[in-house]
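Participant: got a sequence here, can you model it:
(chains A and B)
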Amino acid sequence: MNLFKSNAWILMRSGTIALPFLLILSVVFSVLWHQKTLDPSSFRYIKTYLLMTCLPSLFLGFMLGIGLQKLKAHYLWVTNEVYRYSILKAGLTVTVIGALCMSLYITFASEVALHYLVLPISFAIIGLFVNSSSSLKYNILRNLACSALLIAMMFQTIHEVAKLIIIASCCYVIYAEFNSSKRSSMSSKSMMLTDRQSVMWWNGKLATFTAKFKKSFNKDIAWSVCYPQTKMGYLGGYFAAILAFVLATNDNELLISFLLLSLVVGCQFPVYQEFSQLKHQLKAIAHTFADKQSVIKGIIYSFDKVVIRNTLFILLAILGVMLFRQDINSAIKITFLTLFASVLFLAFAPLLLIFFNGCINAKNILLFTVICGFEIGIFGLVHYVSEQLSIYLICIAVFITAGLIRYFTQQFVTRQPLERIIN
Amino acid sequence: MTQPIITIEKAIKSYNSLRVLDKLNWQVNEGDIVGLLGKNAAGKSTLLESIMGLRELEQGEIKLWGYSWHELPQSQKQKIGYVAQTSSAFDWMKVSQYLDYICQFFPSWDKAYCETLLKRWRISDDQVISKLSGGQKQMLDVVQALSIRPELLILDEPVAHLDPNMRRAFLKEVIDLCCEHGTTVIFSTHIVSDLERVANRVAVLQFGVIRHYYELDELKASIAKLSFANSTKTNLLEKDASISKIQQFGETTTTSIIAPLKKPIEEWCAFYGLDATIQPMNLEDWYLEVANEFV
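Facilitator: Model prediction:
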């Protein structure tokens, strides 16, 4: 039991701050579920249920998979059966419990058949193991297959077939992981991972690929603390694509707004997490600046640009769909929501440079909670209070609040010793 | 007379309750090549990073060329080459891309010299840095630091991952740099034989201070192990700061000379009335002696 507890704790701690984020998301989805006005007999009802349960469960699996990859990197994974099986069992248990926590309420509060609960659990387990191969190509194929299954489930004609394939895939994945452990003596090289399949490794590969097309890297401090694809806003583009897909199949304004908010805020945290892992690269050049304020301000403003770029991508995607639907009112509301969310995030952004590294610890949770609290407040203001108060009054209040917070956070960070930023 | 390039006065630096630098005083003169020794976690990296302005002292002052870090002109800062203990090269870039990026921060960058070093040390500029071995990455950091033709070069365990051939090549380059350009070099290392090959001064960081700081030639001329019959003059000997702890084994007393003497060893022994057996020590034995002095 102690071994199980310690493995489960290590898995969750080695995961990222996104885990509590996903739990918050599922709570909000549960609240939003009650506000739906869909016909339970329509397929759209089932689609909305699946979106609200399977998507977060899949991401839960991904996040716990990060912890699993780190544990697999230890040499004991190859040499010690007790180590291997105990981690696999702990991983599966935590994943299933997490998926149940995120889906149980909506399932019982809905009119879908109970057997649908198997789907978010299956997606969570698939997400846990989807990146566990030592071959990059194989992992990409697995991810594509997983995404294809998720999309296939949303089409009525192939819905039932997709369900069966998902459940079968989940069973196969569990069997394959436990079975590959038994073959460790024969293929120990493929069993032991170093830093491969980690998010950093994938990002590094993408950066190497992107760097081939860049002729020169101008004297910009941002190159030394984030990858080129991050600088270009690939996260914003990626989430814009997800959002556009969701909008194409849904017109629940609240759900869309909340998803927008989640993605606009959610896609910025990995940027600062990346900084925490790359900041040591500054050591070669940090001393060449006139003073430490130049270094710190250079980093702050570089990341401000990344945040703004990510937000713009997402906003343009959503505005495009809204305007195509000729839903001008929603488009205006969503533009304000995005603007407020980004401005508030930028207000706290300098603090993330010092304190945020993506791991589950008290500082990260506190920072994350405070920022999410403000953002949810903005969501409430725009959707529930803007009828009574003018949106422009809210705009002034948000900008003044954000401006004050940003002034203090920037002052605080620029006064810190350089070692606090780069060590 | 050479001018001091680095002056450190009463430097204090702590991490939580652990005091790593404890009122450290030190002075490094222009043109010196200083080997910095110390046990693991002695504070060598902290000291070097504090000199580089990457860490702030709680108390005390570090001056470079007579200026504190904040007053030091930017043009002078850009003439300092630094190699950190862990590689700071960007794994995702190619070697050429990385060096093209870095050189923009150093106006004195010598591109021709950089290319010569890359060729000499067989680092392909078309190679992605993540594909380089640990030793090659370290050499790349060294290339980056040397290419700026620095006036001050600070190296934190620069040869830890290098094979003996590469270590020799690197040390030769450092010597050439100093002879041609009068570059001042401070490098921390655990490999005492490398220090002997290139340094003219040796410093030992112990208990937060530079406990030993000597000219290498003077030191090597003096260090020796002594054994002699028990003597009443042992009390006088104990007050001499040039020796390590005195140990008695039956009727024999042993000690070691760990600091340069102002006179030949035989004269020194005669001064104390000792009829001692003198066994010369190498630098590594000397370092083990001083490192375990208070154990």
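Participant: return the residues of chain B in contact with chain A.
Facilitator: Contact residues (CB under 8 Å from any CB of the partner chain) of chain B with chain A: B:49, B:52-56, B:70, B:74, B:77-78, B:80, B:82, B:84, B:86, B:88-94, B:97, B:100-102, B:104-106, B:128, B:130, B:141, B:144. All C-beta spots, glycine's among them, are computed from the backbone N, C-alpha and C.
Participant: could you find the closest non-adjacent residue to A:Tyr98?
Facilitator: Quick fix: residue A:98 reads Gly, not Tyr. A:Leu60 (4.9 Å; CB to CB, 6 or more residues apart in numbering or on different chains).
Participant: number of nearby residues for residue 157?
Facilitator: I went with chain A, as the question did not name one. Number of residues near A:Thr157 (other CB atoms under 10 Å in any protein chain shown) recorded here: 9.
Participant: the chain in question should be chain B.
Facilitator: Look at B:Glu157: counted by other CB under 10 Å, it has 20 neighbours.
Participant: check A:Ser132 too.
Facilitator: 19.
Participant: quick one: residues contacting it.
Facilitator: A:Gly65, A:Leu68, A:Gln69, A:Lys72, A:Asn139, A:Glu177, A:Gln197 (CB atoms under 8 Å, 6 or more residues apart in numbering or on different chains).
Participant: what's the pLDDT at residue 289?
Facilitator: Since you didn't name a chain, this refers to chain A. pLDDT, A:Phe289: 93.
Participant: switch to chain B, that's the one I care about
Facilitator: B:Glu289 carries a pLDDT value of 91.
Participant: same check on A:Ile422?
Facilitator: Predicted confidence (pLDDT) for A:Ile422: 86.
Participant: strands along chain A, start to end?
Facilitator: Assigned by DSSP state E, the strands in chain A number zero.
Participant: can you tell me which residues in it are near chain B?
Facilitator: Residues of chain A lying near chain B (CB under 8 Å from any CB): A:204, A:207-208, A:211, A:214, A:216-219, A:223-224, A:227-228, A:280-292, A:417-419, A:422-423.
Participant: try 6 Å
Facilitator: A:204, A:207-208, A:211, A:217, A:219, A:280-281, A:283-285, A:287-288, A:290, A:417-419 (CB under 6 Å from any CB of the partner chain).
Participant: can you turn the buried part of these into a PyMOL selection?
Facilitator: Selection command for PyMOL covering only the buried members of the residues of chain A next to chain B, criterion 16 or more other CB atoms under 10 Å in any protein chain shown:
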select buried, chain A and resi 204+207+208+211+217+280+281+283+284+285+287+288+418+419
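Participant: which stretches of the stretch 251-400 of chain A have low pLDDT?
Facilitator: Filtered on pLDDT under 70, the stretch 251-400 of chain A yields the residue ranges A:251-252, A:386-388.
Participant: swap the cut-off to 80 and go again
Facilitator: A:251-259, A:325-326, A:358-360, A:382-390 (pLDDT under 80).
Participant: just the helices in it please.
Facilitator: Remark: helices of the stretch 251-400 of chain A, listed N- to C-terminal, are A:253-266, A:269-278, A:292-324, A:328-355, A:362-380, A:391-414; assignment by DSSP state H, counting those that start in this stretch.
Participant: hmm, back to that, show the buried residues in the residues of chain B next to chain A.
Facilitator: B:49, B:52-56, B:77-78, B:80, B:82, B:84, B:88-94, B:97, B:100-102, B:105-106, B:128, B:130, B:141, B:144.
Participant: quick one: which of those sit in helices?
Facilitator: B:Glu49, B:Lys77, B:Gln97, B:Asp100, B:Tyr101, B:Ile102, B:Asp141, B:Gln144 (DSSP state H).
Participant: nearest to A:Asn143 among those residues?
Facilitator: B:Gln97 (28.6 Å; CB to CB).
Participant: follow-up on the earlier one: among the residues of chain B next to chain A, which are in strands?
Facilitator: B:Ile80, B:Tyr82.
Participant: for chain B, what's its nearest residue on chain A.
Facilitator: Using CB to the nearest CB, A:Ala207 is the residue of chain A that sits closest to chain B, at 3.5 Å.
Participant: that residue touches A:Lys231, doesn't it?
Facilitator: No - judged on CB atoms under 6 Å, A:Ala207 makes no contact with A:Lys231 at a distance of 9.7 Å.
Participant: please produce CSV containing the ones in helices among the buried ones among the residues of chain B next to chain A, extended by pLDDT.
Facilitator: Supplementary listing: these in CSV, determined by pLDDT from 0 to 100:
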residue, pLDDT
B:Glu49, 95
B:Lys77, 95
B:Gln97, 94
B:Asp100, 95
B:Tyr101, 95
B:Ile102, 95
B:Asp141, 94
B:Gln144, 95
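Participant: which one of these is nearest chain A?
Facilitator: Distances from chain A to those, taken by CB to the nearest CB, are shortest for B:Tyr101, at 4.4 Å.
Participant: the residue in chain B that chain A sits nearest to: what's it in contact with?
Facilitator: Taking CB to the nearest CB as the measure, chain B has B:Trp92 as its residue closest to chain A, at 3.5 Å. Residues near B:Trp92 by CB atoms under 6 Å, 6 or more residues apart in numbering or on different chains: A:Gly204, A:Ala207, A:Thr208, A:Ala211.
Participant: how many other residues sit next to B:Asp240?
Facilitator: Residues near B:Asp240, counting by other CB under 10 Å: 15.
Participant: name the SS class of it, please.
Facilitator: coil (DSSP: H, G, I helix; E, B strand; the rest coil).
Participant: quick check: chain neighbours aside, which residue is closest to it?
Facilitator: That would be B:Tyr272: by CB to CB, 6+ apart, it lies 8.0 Å from B:Asp240.
Participant: with A:Val118 instead?
Facilitator: A:Ile167 is the one closest to A:Val118 (CB to CB, 6+ apart), at 6.0 Å.
Participant: could you do B:Ile278 as well?
Facilitator: Nearest non-adjacent residue to B:Ile278 (CB to CB, 6+ apart): B:Ala224, at 5.0 Å.
Participant: could you measure from the one you found over to B:Leu195?
Facilitator: 19 Å (CB to CB, to the nearest Å).
Participant: neighbour-wise, which of those two wins?
Facilitator: Using other CB under 10 Å as the criterion, B:Ala224 and B:Leu195 rank with B:Leu195 on top: 24 against 21.
Participant: phi, psi of that one?
Facilitator: Torsion angles at B:Leu195 (phi, psi; degrees, to the nearest 10) stand at phi -60, psi -40.
Participant: can you list the domains in the chain?
Facilitator: Defaulting to chain A. What automatic domain parsing lists as the domains of chain A is A:1-204, A:212-423.
Participant: I was thinking of chain B, sorry if that wasn't clear
Facilitator: B:4-217, B:223-291.
Participant: how about those domains in a markdown table, adding distance to A:Ser257?
Facilitator: Below are the domains of chain B laid out as a markdown table (distance: least, CB to CB, whole Å):
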| stretch | distance to A:Ser257 |
| --- | --- |
| domain B:4-217 | 36 |
| domain B:223-291 | 65 |
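Participant: deepest of those domains, which one?
Facilitator: domain B:4-217 (a mean of 18; mean count of other CB atoms under 10 Å in any protein chain shown).
Participant: can you give me the end-to-end span of that one?
Facilitator: 20 Å (CA to CA, to the nearest Å).
Participant: which residue ranges of the stretch 1-150 of chain A form helices?
Facilitator: Here the stretch 1-150 of chain A has its helices, by DSSP H, counting those that start in this stretch, at A:2-14, A:18-33, A:43-72, A:76-79, A:81-109, A:118-129, A:136-152.
Participant: any regions of the stretch 151-295 of chain B where pLDDT drops low?
Facilitator: B:230-236, B:293-295.
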